[in-house]
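[1] sequence? don't have it. structure:
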Ligand code: COA
Ligand code: ADP
């Protein structure tokens, strides 16, 4: 709701009240309409200030209302009424004015912001556009190029940038409401004709067509199939080319096409899923979120390869003191330089002065003795990691949390090397660790709730999206990747090319297809793991390596490439060719195409035409099927956890909501039917066999994704 009080004798102070972010729910809109009306008709009120309670102006439209039948007064006429008021209305922006919140402020005659406030029109990230006049008023106020930037990216800007762009009239360091009331008193009775943004002419750049063409090209390139950014450009174009009233109509039409789109639903699901994963509990009933994390002031990182360096940077940027340990003298020297350079670049990018050096270096593991938490990032080798955990257990002060950055090894096995297995947890970062947002927090069977809570809290402090997952080979993300990559290999055997598979996946919205990704991360990584698992036949290239292992279909293609030293970008050759080792531009390689032809001929395989649909169905449904198995096994608590892992760590297009949400959009019955079809065609591929939970969900009428947890709970209780 909204409350109106009279302050300083003649200022009507309207306070939005809807914790936690004063979202513009039906009740709040009704409150604003009523209180504004009352203030304007009260002869004692000479000017009005609108503010929000609890340190935030307004977080925008109430996203929970989307998809329900809208009631209460609509935003557009409400904002028009404010703009048309005969008394000055001032927005006092503290905390944030986002989406509808900023649109409300743009309807006011003046805007005063606190220096720490953030402003923005983030609707595009929810699959929408600012449809309460935002696309029409902002370009009129700050010009087309700046408005295009803010509306198509949805980025939040600081108060200082808002002042520079002309979004706000004044920035204050003091109590915003006091500054706004003072300001309101000073403008009472002054004419408002020049303060109604909708009446401004939109500045028309001379090269209008070229400007919009370039903007459209840029968003199409970055959008990876998302439709909202394109609609945002079209709406701003309407502001620049049409009178205000017609521009508003265009804004409304464009919004109508977005509002009911699957993309908007997917993006809004992601918004809530991202918040839901931080309130985690396990199927066993144990709840970590009720456990109090212990503060971590000083941390250590052991092993300064690519991952260790990135983790060190991320910890230091979060304000922690870090002890960085590396045994190889040369590596240590290189790491020191690399970490300092990364910290410096980071400070520059964030526009802050590089802080005092919070990182100390040592080649001696004894240096970790007094830290609160250690993250081990040595080679991915169980024996070495076991040794490091034994050492840490002896050296560290009592109570130190011991974390491993392994991407697949058994956390329980490492915990068993220590005196206090309850203090051991996995912290699986993604490369580069100071950039990638995802963190899988892997709880072992003995990890205490406080240990998990502390790792989750630390992840949050480091700016990560942390997801708690159970302990199994590959955890959630990498475990699901296996059937996906396997299908891609099989498709090559059956007649596809890396180019075809990658194009299908990139058109779907992945930034990189499976083969370009494999070239980037290095084919040798998987090869080493497969060798460790005894799957690779030595000397395969000279003979005819078998295409099955223990009755399961197996593709030795990756092994054969590795035997030829084709490790991907690092060697200049992989599934593609590169101008030189390390180059990032993948070019089609005729050698690979003849190699595939020879391979097929040797194995009596007849290439057939494979279309994009088959690529998507086989790769994605195999991955989704494994996602259902992960839910069955209790490795992830709910579909949201899996989806957030894929969106933040694996490039799954956000506007498709994550693999499990996508399965729901496609229709679980269809996913099941296609998996059955492909499993029948490939009975020796267990990953294609539909799992029980998927069958159960389909038998139960394919409930929407937010109801899967109930089914999963029942499923577990019946096991
Ligand atoms: N509508 C409904 N609920 C909202 C909301 C909105 N516009 N904005 C935030 N919330 C809810 C969150 O879901 C969360 O609920 P929970 O505690 O039940 O999980 C709670 O408010 C706090 O949000 P959170 O994001 O955890 O807090 P924060 O302080 O980190 O960030 C904001 C605050 C406003 C910056 C952030 O919530 C945000 O970006 N909101 C969306 C803004 C937006 O896109 N508005 C345009 C809508 S079209
Ligand atoms: P990444 O996958 O992060 O690139 P690497 O596996 O290449 O990591 O690097 C691991 C690092 O750990 C190497 O620099 C190696 O020298 C270092 N290392 C190995 N054993 C220890 C140890 N016992 N103590 C500290 N550092 C170690």
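    Cool, the structure landed. The structure displayed is predicted, hence computed values, not measured ones. Numbers count the residues shown, from 1 in each chain. Ligands and ions are numbered 1, 2, ... in the order given.
[2] drop to CA atoms for contacts and neighbour counts, all remaining ones
    Fine.
[3] residues from this protein in reach of ligand 2?
    When proximity is defined as C-alpha under 6 Å from any ligand atom, the chain approaches ligand 2 at 302-308, 325-328, 331, 378-380, 388.
[4] Show me the residues you listed that map onto strands.
    Judged by DSSP state E, the subset of these located in strands is 302, 325.
[5] Kindly indicate the member of the residues of the chain next to ligand 2 with the most neighbours.
    Most neighbours among those, by other C-alpha atoms under 10 Å: residue 308, with 29 neighbours.
[6] Test for you: state the pLDDT assigned to that residue.
    In this model, residue 308 is scored at 97, pLDDT.
[7] One more: residue 280?
    Per-residue pLDDT puts residue 280 at 64.
[8] same thing with residue 549?
    pLDDT, residue 549: 88.
[9] For stretch 667-684, list every residue counted as buried.
    Judged by neighbour count (16 or more other C-alpha atoms under 10 Å), stretch 667-684 contains these buried residues: 667, 668, 669, 671, 672, 674, 675, 676, 678, 679, 684.
[10] what sits up against it?
    Contacts to stretch 667-684, defined as C-alpha atoms under 8 Å, 6 or more residues apart in numbering, come from residues 551-553, 617-618, 621-622, 663, 685-686, 688-690, 694-695, 697-698, 702.
[11] Just the residues of the chain next to ligand 2: which are in helices?
    If you go by DSSP state H, those have 306, 307, 308, 331, 388 in helices.
[12] What about residue 173, how many residues nearby?
    10.
[13] Would you reformat the buried residues of stretch 667-684 as TSV and include distance to residue 119?
    Shown next, in TSV, are the buried residues of stretch 667-684 (distance: C-alpha to C-alpha, whole Å):
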residue	distance to residue 119
667	38
668	40
669	43
671	42
672	45
674	46
675	46
676	50
678	50
679	51
684	55
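[14] And those, which is closest to ligand 2?
    residue 684 (33.2 Å; C-alpha to the nearest ligand atom).
[15] helix or strand for that closest one, which one?
    Secondary structure from DSSP states H and E places residue 684 outside every helix and strand.
[16] Now do it against residue 268, distance only.
    Taking C-alpha to C-alpha, to the nearest Å as the measure, residue 684 falls 39 Å from residue 268.
[17] do residue 226 as well
    Distance of residue 226 to residue 268, given as C-alpha to C-alpha: 13 Å.
[18] Skip the chain neighbours and tell me the closest residue to residue 466.
    Using C-alpha to C-alpha, 6 or more residues apart in numbering and skipping residues adjacent in sequence, the residue nearest residue 466 is residue 439, 4.7 Å away.
[19] Help me confirm that that neighbour is found in a strand?
    Yes: per DSSP: H, G, I helix; E, B strand; the rest coil, residue 439 lies within a strand segment.
[20] Go ahead and name everything in contact with stretch 370-388.
    For stretch 370-388, contacts defined as C-alpha under 8 Å, 6+ apart pick out 296-305, 307-308, 368, 396-397, 399-406, 409, 414, 417, 427.
[21] filter these to the buried ones?
    Applying 16+ other C-alpha under 10 Å to the contacts of stretch 370-388, the neighbour count classes 296, 298-305, 307-308, 368, 396, 400-406, 409, 414, 417, 427 as buried.
[22] Report the contact partners of the residue nearest to residue 466.
    427, 428, 429, 430, 459, 464, 465, 466, 467.
[23] Sitting in helices, which of those residues do you find?
    residue 459.
[24] The stretch 151-300 of the chain: strands as residue ranges?
    157-158, 170-172, 298-302 (DSSP state E, counting those that start in this stretch).
[25] Mind listing the shared neighbours of residue 226 and residue 268?
    residue 127.
[26] Give me the below-cutoff pLDDT ranges for the stretch 451-600 of the chain.
    The model of the stretch 451-600 of the chain has pLDDT under 70 over residues 538-543.
[27] what does the chain give?
    By pLDDT under 70, the low-scoring segments of the chain are 280-290, 538-543, 719.
[28] mind checking how far the spatially most central residue of it is from ligand 1?
    Among the residues of the chain, the one closest to the centroid is residue 648, at 3.9 Å (C-alpha atoms, centre = their mean). Residue 648 is 16 Å from ligand 1, where distance means C-alpha to the nearest ligand atom, to the nearest Å.
[29] buried sites along whichever strand or helix holds residue 450?
    Assigned by DSSP H and E, residue 450 falls within helix 449-461. By 16+ other C-alpha under 10 Å, the buried positions in helix 449-461 come out as 449-461.
[30] Adding distance to residue 627, write these out as CSV.
    CSV is the format used below for the buried residues of helix 449-461 (distance: C-alpha to C-alpha, whole Å):
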residue, distance to residue 627
449, 24
450, 27
451, 26
452, 22
453, 24
454, 26
455, 24
456, 22
457, 26
458, 27
459, 23
460, 25
461, 28
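[31] so which of the residues you listed comes closest to ligand 1?
    Closest approach to ligand 1 among these (C-alpha to the nearest ligand atom): residue 460, at 10.6 Å.
[32] ok, that closest one to ligand 2 distance?
    From residue 460 to ligand 2 the distance is 21 Å (C-alpha to the nearest ligand atom).
[33] Report the buried residues of stretch 370-382.
    For stretch 370-382, the neighbour count (16+ other C-alpha under 10 Å) marks 370, 371, 372, 373, 374, 375, 376, 377, 378 as buried.
[34] so of those residues, which ones are in helices?
    Using DSSP H to define helices, no part of the buried residues of stretch 370-382 is located there.
[35] give me the residue from this structure nearest ligand 1.
    Closest point on the chain to ligand 1, by C-alpha to the nearest ligand atom, is residue 62, at 3.5 Å.
[36] separation between that residue and residue 627?
    31 Å.
[37] Looking at those two, which one has more neighbours?
    More crowded of residue 62 and residue 627, by other C-alpha under 10 Å: residue 627, with 27 against 16.
[38] Identify the residues contacting the more buried one.
    476, 480, 642, 660.
[39] how near is it to residue 510?
    Distance from residue 627 to residue 510, by C-alpha to C-alpha: 18 Å.
[40] now do residue 565
    Separation of residue 565 from residue 510 (C-alpha to C-alpha): 27 Å.
[41] which one of these two has more residues nearby?
    The neighbour comparison of residue 565 against residue 510 (other C-alpha under 10 Å) goes to residue 510, with 20 against 15.
[42] residue contacts, the nearest residue to residue 643 once chain neighbours are set aside?
    Leaving aside its chain neighbours, residue 643 sits nearest to residue 658 (4.1 Å; criterion: C-alpha to C-alpha, 6+ apart). Each residue near residue 658 by C-alpha under 8 Å, 6+ apart is listed here: 270, 642, 643, 644, 646, 647, 652.
[43] out of the residues you listed, who's nearest residue 518?
    Distance to residue 518 across the contacts of residue 658 (C-alpha to C-alpha) is lowest for residue 652, with 15.7 Å.
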